[in-house]
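Visitor: sequence first, then the predicted structure, then my questions.
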Amino acid sequence: MLREKYKKALVTGGAGFIGSHIVEECLRQGLEVVSIDNYFAGKKENLKLLHEQYPKLEEYNCDVTDYEGLKKYMEGVDIIFHEAASKKTICLNDPRKDLLINAGGTFNILELARDFKVKKVIHASSGSVYGEAKYFPQDEDHPVNPTSYYGVSKLAGEKYVRAFCDLYDMDCTILRYFHVYGPRQESSDVGGVVSIFGRRVLNGQAPKIYGDGSQERSFTYVKDVVGINMMVAETEKTRGEAYNCASGISVTIEELATLVKKYLNREDLKNIYDEWTVGDIKNFNVSNEKIRKLGFEFKTTFEQGLQETLDWLRDYVGGRQ
Ligand SMILES: NC(=O)c1ccc[n+]([C@@H]2O[C@H](COP(=O)([O-])OP(=O)(O)OC[C@H]3O[C@@H](n4cnc5c(N)ncnc54)[C@H](O)[C@@H]3O)[C@@H](O)[C@H]2O)c1
């Protein structure tokens, strides 16, 4: 249990999709939790029920680019889960923003972690740091040549993490996420494809596929991602290391559309096809050997994760969450 090692966790992006699940698990394990979010994408409703259950949750509206603002919440923090980031879809329209948030915000978090003697920083990175695949399966030693502004800014964040780790002997770990899905993921057009398809089908609209649907995604259930964060929090073996957090499950977008329609009993809906998205990556084959060797077991099958996600979404779209 985390409680044996830590008393207080700070989760940046705590009102967001993955962040809110990390907040929940830390609370469940008995920690005091401070959530920091600027609510650009995060939602108060993601933490609402947790406030009712756990008095140890504090929630603040603060931007990770605001060093002085963040400083106010650092007292007593002994572990940081750094999830706040500007998303890929936003970066395309405003690349300066991801530089400031994803690189600058990470720098702020690291400086504060150093100055407040935080025991551990777990940094959420992304598979986007790799860029075009040079070989399969892509392991953590694969060259990093990001092809998007988002990927560049996430890589800059990683480089700062490594620099702080080396320069100040800090215990930091980088987790590279891939296609995470689950309850609370945004289902509007800027959300994840599982939630977008789910919402469309629940609203009686067919899934809209960009390209022919043969593109693969390495879907990873959010609870497995939380499990990795917890395992990493418990160990000192991951200091300065980066890990791919990919389930190894590969599903095409066409298969996803079929499953979503099947689970929601709307097999009558005919998929809509549109032009390929520029730069869309067609094949994913990511190695998760390193995190498995550390002892992590991906427990959720795609069918289970999809069912839980769609059950949640049905309630959410129906206004019951
Ligand atoms: N979901 C995925 O498939 C995926 C894949 C790769 C990497 N990631 C990484 O995982 C982390 C969490 O992503 P998510 O999917 O939960 O997305 P999300 O958008 O739901 O969560 C990010 C949170 O950060 C907050 N935020 C954004 N800018 C901020 C700022 N300047 N200051 C404070 N808070 C800010 C948002 O409001 C949001 O609540 C991010 O670092 C993201 O880059 C996610």
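Guide: In hand now; what should we look at?

Visitor: which positions in the stretch 101-250 of the chain make contact with the ligand?
Guide: For the stretch 101-250 of the chain, the residues in contact with the ligand (CB under 6 Å from any ligand atom) are 101, 105, 124, 126, 177, 179-180. The C-beta positions use only the backbone N, C-alpha and C, and glycine is treated the same way.

Visitor: out of the residues you listed, who's nearest residue 232?
Guide: Of all these, residue 124 has the smallest distance to residue 232: 11.2 Å, by CB to CB.

Visitor: tell me the contacts of the closest one?
Guide: With contact taken as CB atoms under 8 Å, 6 or more residues apart in numbering, residue 124 is in contact with 13, 18, 81-83, 85, 175, 177.

Visitor: follow-up on the earlier one: farthest-separated two in the residues of the stretch 101-250 of the chain next to the ligand?
Guide: Maximum distance among those (CB to CB): 22.8 Å, for 105 and 179.

Visitor: so these two - more neighbours on which side?
Guide: It is residue 105, of residue 105 and residue 179, that has more neighbours when counted by other CB atoms under 10 Å, with 27 against 20.

Visitor: so how far is residue 268 from the more buried one?
Guide: Note on residue 105: its distance to residue 268, by CB to CB, to the nearest Å, is 46 Å.

Visitor: what comes up buried for stretch 277-297?
Guide: For stretch 277-297, burial by neighbour count (16 or more other CB atoms under 10 Å) applies to 281, 284, 286-288, 290-291, 296.

Visitor: okay, helices next: where are they in this structure?
Guide: For the chain, the helices defined by DSSP state H cover 17-28, 45-53, 67-71, 88-93, 95-98, 106-115, 149-168, 193-202, 222-234, 253-263, 289-293, 302-317.

Visitor: can I get those in JSON lines including mean pLDDT?
Guide: Formatted as JSON lines, the helices of the chain follow (pLDDT from 0 to 100):
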{"stretch": "helix 17-28", "mean pLDDT": "98"}
{"stretch": "helix 45-53", "mean pLDDT": "96"}
{"stretch": "helix 67-71", "mean pLDDT": "98"}
{"stretch": "helix 88-93", "mean pLDDT": "62"}
{"stretch": "helix 95-98", "mean pLDDT": "90"}
{"stretch": "helix 106-115", "mean pLDDT": "98"}
{"stretch": "helix 149-168", "mean pLDDT": "96"}
{"stretch": "helix 193-202", "mean pLDDT": "96"}
{"stretch": "helix 222-234", "mean pLDDT": "98"}
{"stretch": "helix 253-263", "mean pLDDT": "97"}
{"stretch": "helix 289-293", "mean pLDDT": "98"}
{"stretch": "helix 302-317", "mean pLDDT": "95"}
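
Visitor: which residue, other than its chain neighbours, is closest to residue 192?
Guide: Distances taken as CB to CB, 6 or more residues apart in numbering put residue 185 closest to residue 192, at 4.6 Å, once the chain neighbours are dropped.

Visitor: residue 237 versus the one you found, what's the distance?
Guide: Separation of residue 185 from residue 237 (CB to CB): 30 Å.

Visitor: among these two, which residue is more densely surrounded?
Guide: Set side by side, residue 185 and residue 237 show more neighbours around residue 185, with 22 against 10, by other CB under 10 Å.

Visitor: wait, isn't that one in contact with residue 196?
Guide: No - using CB atoms under 8 Å, residue 185 is not in contact with residue 196; the gap is 9.1 Å.

Visitor: who touches residue 188 in this structure?
Guide: 196, 199.

Visitor: would you confirm that residue 191 contacts residue 181?
Guide: No - applying CB under 8 Å, one finds residue 191 not in contact with residue 181, separated by 9.6 Å.

Visitor: which of the two has more residues huddled nearby?
Guide: Neighbour count, other CB under 10 Å: between residue 191 and residue 181, residue 181 has more, with 24 against 18.

Visitor: ok, so what distance separates the closest residue to that one other than its chain neighbours from residue 156?
Guide: In space, and not counting its chain neighbours, residue 181 is closest to residue 194: 4.0 Å by CB to CB, 6+ apart. Taking CB to CB as the measure, residue 194 falls 28 Å from residue 156.

Visitor: what residue of the chain is the furthest out?
Guide: Distance from the C-alpha centroid of the chain peaks at residue 268, with 32.9 Å (CA atoms, centre = their mean).

Visitor: need the pLDDT of that one.
Guide: With respect to pLDDT, residue 268 scores 97.

Visitor: the one 5 residues further on too?
Guide: In this model, residue 273 is scored at 97, pLDDT.

Visitor: my read: it touches residue 207, true?
Guide: No - with contacts counted by CB under 8 Å, residue 273 stays clear of residue 207, the gap being 9.9 Å.

Visitor: so those two - more neighbours on which side?
Guide: The residue with more neighbours, out of residue 273 and residue 207, is residue 207; 24 against 15, by other CB under 10 Å.

Visitor: beta partners of the residue of the stretch 201-321 of the chain found nearest the ligand?
Guide: Going by CB to the nearest ligand atom, the ligand is nearest to residue 220 of the stretch 201-321 of the chain, at 7.5 Å. Under DSSP bridges, the beta-bridge partners of residue 220 are residue 180.
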